[in-house]
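>>> Here you go, sequence then predicted model.
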Amino acid sequence: MLRDHRLEDAALTCRDVEVDLAGRLLHARGVPGGLIVADVTERRERERELREVAMVLSHEFRTPVTAIKGLLEAVAVTDSDEIRERFVNLSLQETGRLERLVEDLAVEFRPRARRTFEFGEAARRVLRLTGDEFERRGVRVRVRGARVLVRCDPDKLVQVLINLLENAARHGPNPGDVTVTARADDEKEGFVSVRVTDGGARLPDYEGIFASRTKGAASRGSGLGLSIVTRLVRDWRGRVWGRHTGRGNEFGFTVPAGQDRREDR
């Protein structure tokens, strides 16, 4: 009647077992004279999602924490009041970002802090936070389309740009150039396409690398960077892509276009 020897064995030996049958995960517990069976498919899926969220949050927290640590270390050794003030302000900005990440944990469905702003606002913030690492690697970043208006959560856009730029800096030519271009998307009206282009060699797979925990053979990272990009971009109903062009690798995404700053006043 049980049609599976693992369930029969659990019943006869009074042991616990999990069995995948026809796409459903069953937890069976043998008891004297019987077998208790529960469908735990949804529970295990939720557990898997929670583990994935924990890994994603770990990746997202690491960026501002690393930035704050570096800024405070610089404050501790500088004698310039001007530099000290600027670094303290940047530290406070990133502390606010951490605070919002914590709020995301407490309020899962909190409305996103979307607003209209110039793309260059986010790009400049990213370059302030990553400039030292890029300079050390000999990577020059050029931004085009800084005046293009976008509408999204600024912190999420900063996270997407950081992940893509760090990916380009690590796997593209060092020293080399990375170009970030924002312009109205010809294929999807109402969106802006953002392209991060480096001079790297062609990759074997441009779709699979956006999957969770996929990373290059020489990478020491978590492999979550591009999957985080996918999750954040899809949250504002955008799309992501990777491809090789005549200038090198191009990783891009779309973000909703902003119409007029006055709409947020």
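Cool, the structure landed.

>>> Can you show me the helices along the stretch 101-250 of the chain?
Using DSSP state H, counting those that start in this stretch, the helices of the stretch 101-250 of the chain run over residues 119-137, 154-171, 225-235.

>>> Out of these, indicate the one that is most buried.
Ranked by mean neighbour count, the helices of the stretch 101-250 of the chain are led by helix 154-171 with a mean of 22 (mean count of other C-beta atoms under 10 Å). For every residue, glycine as well, the C-beta is placed using N, CA and C.

>>> which secondary structure elements does that one contact?
helix 41-77, helix 81-106, helix 119-137, strand 139-144, strand 176-184, strand 191-198, helix 225-235, strand 248-256 (3 or more C-beta pairs under 8 Å, 6 or more residues apart in numbering; DSSP states H and E).

>>> so can I have a markdown table of the helices of the stretch 101-250 of the chain showing mean pLDDT and distance to L98?
Converted to a markdown table, those look like this (pLDDT from 0 to 100; distance: least, C-beta to C-beta, whole Å):
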| stretch | mean pLDDT | distance to L98 |
| --- | --- | --- |
| helix 119-137 | 88 | 13 |
| helix 154-171 | 87 | 10 |
| helix 225-235 | 84 | 16 |
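
>>> mean confidence score for stretch 24-44?
Taken as a whole, stretch 24-44 carries a mean pLDDT of 90.

>>> Just send the helices of the stretch 101-250 of the chain back as a markdown table, with distance to P204 too.
Listed next are the helices of the stretch 101-250 of the chain as a markdown table, based on distance: least, C-beta to C-beta, whole Å:
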| stretch | distance to P204 |
| --- | --- |
| helix 119-137 | 24 |
| helix 154-171 | 13 |
| helix 225-235 | 15 |
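
>>> got a list of what the residue sitting nearest the centre point of the chain touches?
In the chain, the residue lying closest to the centroid (C-alpha atoms, centre = their mean) is I228, at 2.2 Å. Contact partners of I228, counting by C-beta atoms under 8 Å, 6 or more residues apart in numbering, are 56, 59-60, 159-160, 163.

>>> ok so, going back, Throw the helices and strands packed on helix 154-171 into TSV and include distance to L35, thanks.
Shown next, in TSV, are the helices and strands packed on helix 154-171 (distance: least, C-beta to C-beta, whole Å):
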stretch	distance to L35
helix 41-77	18
helix 81-106	40
helix 119-137	57
strand 139-144	61
strand 176-184	60
strand 191-198	54
helix 225-235	40
strand 248-256	50
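
>>> about what we covered before: looking at the contacts of I228, spot the one nearest E187.
V160 (18.9 Å; C-beta to C-beta).

>>> The closest one and L232 touch, don't they?
Yes: V160 lies in contact with L232 (C-beta atoms under 8 Å); the separation is 5.4 Å.

>>> And the helices and strands packed on helix 154-171, which one averages the lowest pLDDT?
helix 81-106 (a mean of 78).

>>> Could you give the number of residues near the closest residue in space to G242 that isn't next to it in sequence?
Residue nearest to G242 in three dimensions, not counting chain neighbours: Y206, with 3.7 Å by C-beta to C-beta, 6 or more residues apart in numbering. The tally of other residues near Y206 (other C-beta atoms under 10 Å) stands at 15.
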